[in-house]
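Novice: no FASTA, just this:
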């Protein structure tokens, strides 16, 4: 079988792109990307997500600060925020007087719970990845921004989010610069450490020594944790200020949800 250049470029040679050429994305390209997102799989065909196109330069600049101070967000030609959205469905239920119907039947009107949020989050993330793959097929570069989960109260205000609209991820898109196209691809974990068969397998000490090991992974920072890579990763990622804020923010959003 001949190599499929499009498949390889979209999936096997993909890298996150954080620097973009200073040129707009034509409306026809945007339309095709959004059309792909809207055809993504969705639980029960309910489309429990909403896509916010961020075009206001001032808003993009603000998000570049609130999402862990990443200036390239402000320079991205196109920014999409994906919401796990039950606000629309709840409005639909109210429009059709479902609460009154439940009362007539002597039954409680049920509100969305944690499982419903996770289902909507899956919908939103699947749509986001469909948009990313479509964009890369058309020559664009993309970068996911998980930091939209930080500063939940502020992002709710900035984006005008109603209750039950939960920001899950943000996607920056644009034409990659030549330097970005030539940048080495970052490594990934070996397949046998990620893909298990039938049942979850236990990891051996030697397996842990192979995780994040080798060229291309960020090495330990001796001023933080000596030569211990686990302690270094813990300090730089899991216990970092942005991670602490993300935990606080998500907990507050979850409390509002429930």
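Specialist: Okay, I see it. Model, not experiment: these values are computed from the prediction.

Novice: Hmm, residue 30 is touching residue 78, no?
Specialist: Yes - between residue 30 and residue 78 a contact is recorded at 6.8 Å, counting by CB atoms under 8 Å. From N, CA and C alone the C-beta is placed, and that goes for glycine too.

Novice: Walking through this protein, point out its helices one by one.
Specialist: 5-7, 27-38, 57-66, 72-75, 87-95, 98-104, 114-137, 152-159, 178-182, 191-194, 205-210, 222-225, 229-233, 241-257 (DSSP state H).

Novice: Just the residues contacting the second one, thanks.
Specialist: Okay, so that is helix 27-38. 47, 51, 78, 127-128, 130-131, 133-135, 138, 140, 173 (CB atoms under 8 Å, 6 or more residues apart in numbering).

Novice: can you give me phi and psi for the closest residue to residue 177 other than its chain neighbours?
Specialist: Leaving aside its sequence neighbours, residue 177 sits nearest to residue 19 (CB to CB, 6 or more residues apart in numbering; 4.8 Å). Residue 19 has phi and psi values of phi -130, psi 130 when expressed as degrees, to the nearest 10.

Novice: wait, doesn't residue 19 sit right on residue 178?
Specialist: No - Residue 19 lies out of contact with residue 178 (CB under 8 Å); the separation is 9.7 Å.

Novice: domain assignment for the chain?
Specialist: 5-186, 192-258 (automatic domain parsing).

Novice: mind putting those in JSON lines, mean pLDDT and mean neighbour count included?
Specialist: Below are the domains of the chain laid out as JSON lines (pLDDT from 0 to 100; neighbours: other CB atoms under 10 Å):
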{"stretch": "domain 5-186", "mean pLDDT": "96", "mean neighbour count": "17"}
{"stretch": "domain 192-258", "mean pLDDT": "88", "mean neighbour count": "12"}
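
Novice: list the residues that contact both of residue 30 and residue 78?
Specialist: With CB under 8 Å, 6+ apart, residue 30 and residue 78 have no common neighbours.

Novice: Closest one to residue 39 out of the contacts of helix 27-38, please.
Specialist: residue 130 (7.0 Å; CB to CB).

Novice: how far away is the closest one from residue 32?
Specialist: 11 Å (CB to CB, to the nearest Å).

Novice: same thing with residue 233?
Specialist: 39 Å.

Novice: What of residue 4?
Specialist: Residue 4 is 20 Å from residue 32, where distance means CB to CB.

Novice: now do residue 179
Specialist: For residue 179, the distance to residue 32 - CB to CB - is 26 Å.

Novice: Then residue 180?
Specialist: On the measure of CB to CB, residue 180 and residue 32 end up 22 Å apart.

Novice: same thing with residue 59?
Specialist: For residue 59 relative to residue 32 (CB to CB), the value is 24 Å.

Novice: Now do the same contact list for the closest residue to residue 137 other than its chain neighbours.
Specialist: Distances taken as CB to CB, 6+ apart put residue 10 closest to residue 137, at 5.5 Å, once the chain neighbours are dropped. By CB under 8 Å, 6+ apart, residue 10 lies in contact with 133, 136, 137.

Novice: Is it correct that the last one is in contact with residue 6?
Specialist: Yes - at 6.3 Å, residue 137 and residue 6 qualify as touching, with contact defined as CB under 8 Å.

Novice: Which neighbours do these two have in common?
Specialist: If you check residue 137 and residue 6 against CB under 8 Å, 6+ apart, no residue is contacted by both.

Novice: wait, what's in contact with the residue positioned nearest the centre of the chain?
Specialist: Using CA atoms, centre = their mean, the residue of the chain that lies closest to the mean C-alpha position is residue 169, 3.1 Å off. For residue 169, the contact set (CB under 8 Å, 6+ apart) comprises 81, 82, 124, 125, 128, 144, 145, 146, 148.
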